[in-house]
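Peer 1: quick one: sequence and predicted model below, then my questions.
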Amino acid sequence: MYWHSFQEFIAMGGYGFYVWSSFGITFLAMMIELWALKKRRQRIAKMSNEGTI
Amino acid sequence: MSGLNMDTVKAKNGINWLKYASPKTFYPLAGRLIPWFSAGAFLLIAYGLYLGLLVAPTDFQQGEGYRIIFVHVPAAWFSMFLYLLMAGYAVLGLVLNAKLSYMMAKAIAPTGAMFTLAALVTGSFWGKPMWGAWWVWDARLTSELILLFLYIGYFSLQSAIDDTNRADKASAILAIVGAINVPIIYFSVKWWNTLHQGASVSLTKAPAMAAIMLQGMLVMALGFWLYSVAVIFARVRCEILERDNKAALLRQEI
């Protein structure tokens, strides 16, 4: 473990805003992709249940 | 299957690999593989985050700000690699006239575009504290932005043409022509005097970074790769279902 305290970890030596934004945005983008895929599957499942396809 | 004799392929390899080029056989196979790729992606990304955020030491030049590398570089690698993979499937689609290849190319594009956007945005958040600017028109950044436009162009062309077959062919050609941009992105830091730093990992030189940093980056990259495979397989499955029922879907929309 590199850090000595939780505050130090969050602060990232003064780069906290940039580091956490970068990690946050990357994983948010992945989550949005997964969410969109889930919606698409639900749409297909719904139509197959309704007998439209 | 044009130009290929199924029996000779089968005789040579013992396994009929072409069987998996058919959407009907690929659909259940992809379904069985997705949970394994997802689990692997989750574990590797978690381990990569642990190495990158908790274990890796600080950088002597950039302090803790350098830790953006653990998402930025893997995202940038996959923005380029997935583009080449998409172009490769586009070539296969045109050469073999194989529907599944076109579906693979189409399924790869959103993930590639997502990583391109992630690479650009995390790069911005890295550029601001290190260079003092969110954006500069440097060769590396500009060519990566062009990559995003190529992905967007690919989607637009796919959705602009109603006939699936024609949409596949036209967008395949766009994907193939645009592939020239990938080596330009990769070598831009060598060919031009860029503000962007040089390659983080080189096959010909000894690693410039601490072993643990390199390890964290590679683990994260492998995690992103397994994530990509899982998402792309799931998207191909949707594509197969939708194409099977395209007529019905259209009827419903009207």
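Peer 2: Yes, it's here.
Peer 1: please report the distance of the residue sitting nearest the centre point of chain A from chain B.
Peer 2: Chain A has residue A:28 as the residue nearest its centroid, 2.9 Å off, counting by Cα atoms, centre = their mean. Counting by Cβ to the nearest Cβ, to the nearest Å, the separation of residue A:28 from chain B is 9 Å. Backbone N, C-alpha and C define where each C-beta goes, glycine included.
Peer 1: did I read that right, that residue in a helix?
Peer 2: Yes: looking at residue A:28 with DSSP: H, G, I helix; E, B strand; the rest coil, it is inside a helix.
Peer 1: mind listing what it touches?
Peer 2: Residue A:28 is in contact with no residue at all, counting by Cβ atoms under 8 Å, 6 or more residues apart in numbering or on different chains.
Peer 1: just the pLDDT at it, thanks.
Peer 2: In this model, residue A:28 is scored at 98, pLDDT.
Peer 1: who in chain B is up against chain A?
Peer 2: Along chain B, the residues adjacent to chain A under the rule Cβ under 8 Å from any Cβ of the partner chain are B:49, B:53-58, B:63-65, B:67-68, B:70-72, B:75, B:110-111, B:114, B:117-118, B:121-122, B:125-126, B:128-129, B:227, B:231, B:234-235, B:238, B:241-242, B:245, B:248-249, B:251-252.
Peer 1: ChimeraX command for the buried members of the residues you listed?
Peer 2: One line in ChimeraX is enough to select the buried members of the residues of chain B next to chain A, burial here meaning 16 or more other Cβ atoms under 10 Å in any protein chain shown:
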select /B:49,53,56,64,65,67,68,70,71,72,75,110,111,114,117,118,121,122,125,126,128,129,227,231,234,235,238,241,242,245,249
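Peer 1: from the residues of chain B next to chain A, which land in helices?
Peer 2: When DSSP state H is applied, the residues of chain B next to chain A are split such that B:49, B:70-72, B:75, B:110-111, B:114, B:117-118, B:121-122, B:125-126, B:128-129, B:227, B:231, B:234-235, B:238, B:241-242, B:248-249, B:251-252 fall in helices.
Peer 1: and for residue B:28, the neighbour number?
Peer 2: 10 (other Cβ atoms under 10 Å in any protein chain shown).
Peer 1: put the alpha carbons of stretch B:26-40 into CSV.
Peer 2: What follows is stretch B:26-40 as a C-alpha-only set of coordinates in CSV (Å, rounded to 0.1, in the frame of the first residue of the first chain):
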residue,chain,number,x,y,z
PHE,B,26,-22.5,-18.4,-33.2
TYR,B,27,-25.5,-17.1,-31.2
PRO,B,28,-25.5,-19.8,-28.5
LEU,B,29,-21.7,-20.1,-28.4
ALA,B,30,-21.4,-16.3,-27.7
GLY,B,31,-24.1,-16.7,-25.1
ARG,B,32,-22.1,-19.3,-23.3
LEU,B,33,-18.9,-17.3,-23.4
ILE,B,34,-20.2,-13.9,-22.3
PRO,B,35,-20.4,-14.8,-18.5
TRP,B,36,-16.7,-15.9,-18.5
PHE,B,37,-15.5,-12.8,-20.3
SER,B,38,-17.6,-10.6,-18.0
ALA,B,39,-16.3,-12.3,-14.8
GLY,B,40,-12.7,-12.0,-16.2
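Peer 1: let me see the mean pLDDT of that stretch.
Peer 2: Mean per-residue pLDDT for stretch B:26-40: 95.
Peer 1: buried stuff in the helix or strand where residue B:78 lies?
Peer 2: With the criterion set as DSSP states H and E, the secondary-structure element containing residue B:78 is helix B:69-96. Applying a neighbour-count criterion of 16+ other Cβ under 10 Å, one finds B:69-83, B:85-90, B:92-94, B:96 buried in helix B:69-96.
Peer 1: that one packs against which elements?
Peer 2: Packed against helix B:69-96 by the contact rule (3 or more Cβ pairs under 8 Å, 6 or more residues apart in numbering or on different chains; DSSP states H and E) you find helix A:16-50, helix B:99-131, helix B:139-160, helix B:164-178, helix B:181-191, helix B:211-244.
Peer 1: can you give me the pLDDT of the residue nearest to the spatial centre of chain B?
Peer 2: Centroid check for chain B by Cα atoms, centre = their mean gives residue B:82 as the closest residue, at 2.3 Å. Reported pLDDT at residue B:82 in the predicted model: 98.
Peer 1: find the nearest non-adjacent residue to it, please.
Peer 2: Sequence neighbours aside, residue B:112 is the residue nearest to residue B:82 in space, at 3.6 Å (criterion: Cβ to Cβ, 6 or more residues apart in numbering or on different chains).
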